[in-house]
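**Student:** Here's my sequence, what's the structure:
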Amino acid sequence: MTAAEQGGGGPGGAPSAVVITVSNRASAGVYPDRSGPVLAEALRGAGLRPDGPWVVPDGEPVAEALRRALAAGYDAALTTGGTGLTPTDATPEATRPLLAYEIPGIPEALRAAGREKGVPSAVLSRGLAGVAERDGHRMLVVNLPGSRGGVRDGMEVLAPVLVHAIDQMRGGDH
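**Tutor:** Sure, this is the predicted structure:
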């Protein structure tokens, strides 16, 4: 069943969002996903209907999950993980080709907020945000860091604007 069929996405319904946890080790069962459930709960608190987390390894599986979310009609897809500098961190590279356009203010605000909270490494995040589009449907995509703290800090920035951003994508007024 698509997100739209579940009662989401359309006018009057709470926006739907999918959580995609990007972790080679969690996807292999080495340890449980810890950041995805935190993100799903934060999205619920921000007025969205979260699905997931879908746990995938980094790289092409991220792009596949984002394409699947877009085809299913989700209003937003938020990833957690794969935004750092390690050789296996490839979430931004998997995300960028799917975006019709980027929203640079979101990752700028996320990095700035992390730095202001005393996390100097927040400026190293390469996460992106933008809008993916397919057959007239638009989906907000945001890459968040893979830590629980990074997710919490990121959602402090995003929570006040997520529903408004989705409304804007639907053609809502300013």
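
**Student:** which stretches of the chain form helices?
**Tutor:** Ranges of helices within the chain are 24-27, 35-45, 60-72, 91-95, 105-116, 148-158, 162-169, based on DSSP state H.

**Student:** mind checking which of the ones you listed is nearest Ala122?
**Tutor:** Nearest to Ala122 among the helices of the chain is helix 105-116; the distance by CB to CB comes to 2.5 Å. Glycine gets a C-beta too; all of them are placed from N, C-alpha and C.

**Student:** bridging residues for the residue positioned nearest the centre of the chain?
**Tutor:** For the chain, the residue nearest the mean C-alpha position is Leu78 (1.2 Å; CA atoms, centre = their mean). Beta-bridge pairing of Leu78 under DSSP bridges involves Val19, Val142.

**Student:** residues in contact with it?
**Tutor:** Leu78 makes contact with 17-20, 39, 43, 141-144, 158 under the criterion CB atoms under 8 Å, 6 or more residues apart in numbering.

**Student:** What score does it have for pLDDT?
**Tutor:** The model reports Leu78 with a pLDDT of 98.

**Student:** Output stretch 157-174 in CSV, but only the C-alpha positions, please.
**Tutor:** Only the C-alpha atoms of stretch 157-174 are listed here, as CSV (Å, rounded to 0.1, in the frame of the first residue of the first chain):
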residue,chain,number,x,y,z
VAL,A,157,15.9,22.5,13.5
LEU,A,158,13.5,20.6,11.2
ALA,A,159,10.4,20.2,13.4
PRO,A,160,9.3,23.8,13.1
VAL,A,161,9.5,23.8,9.2
LEU,A,162,8.8,20.3,8.0
VAL,A,163,5.0,20.5,7.7
HIS,A,164,5.3,24.0,6.1
ALA,A,165,7.9,22.8,3.6
ILE,A,166,5.7,19.9,2.6
ASP,A,167,2.8,22.3,2.2
GLN,A,168,4.9,24.5,0.0
MET,A,169,5.8,21.5,-2.2
ARG,A,170,2.1,20.8,-2.6
GLY,A,171,1.6,24.4,-3.8
GLY,A,172,0.5,26.0,-0.5
ASP,A,173,0.7,29.7,0.1
HIS,A,174,3.5,31.3,2.0
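
**Student:** How much space separates Asp51 from Leu78?
**Tutor:** Using CB to CB, to the nearest Å, Asp51 is found at 11 Å from Leu78.

**Student:** Which neighbours do these two have in common?
**Tutor:** 17-19.

**Student:** As TSV, those with pLDDT, neighbour count and distance to Asp167 would be great.
**Tutor:** Output for the shared contacts of Asp51 and Leu78, formatted as TSV (pLDDT from 0 to 100; neighbours: other CB atoms under 10 Å; distance: CB to CB, whole Å):
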residue	pLDDT	neighbour count	distance to Asp167
Ala17	98	29	14
Val18	98	27	18
Val19	98	28	20
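
**Student:** Perfect, that will be all.
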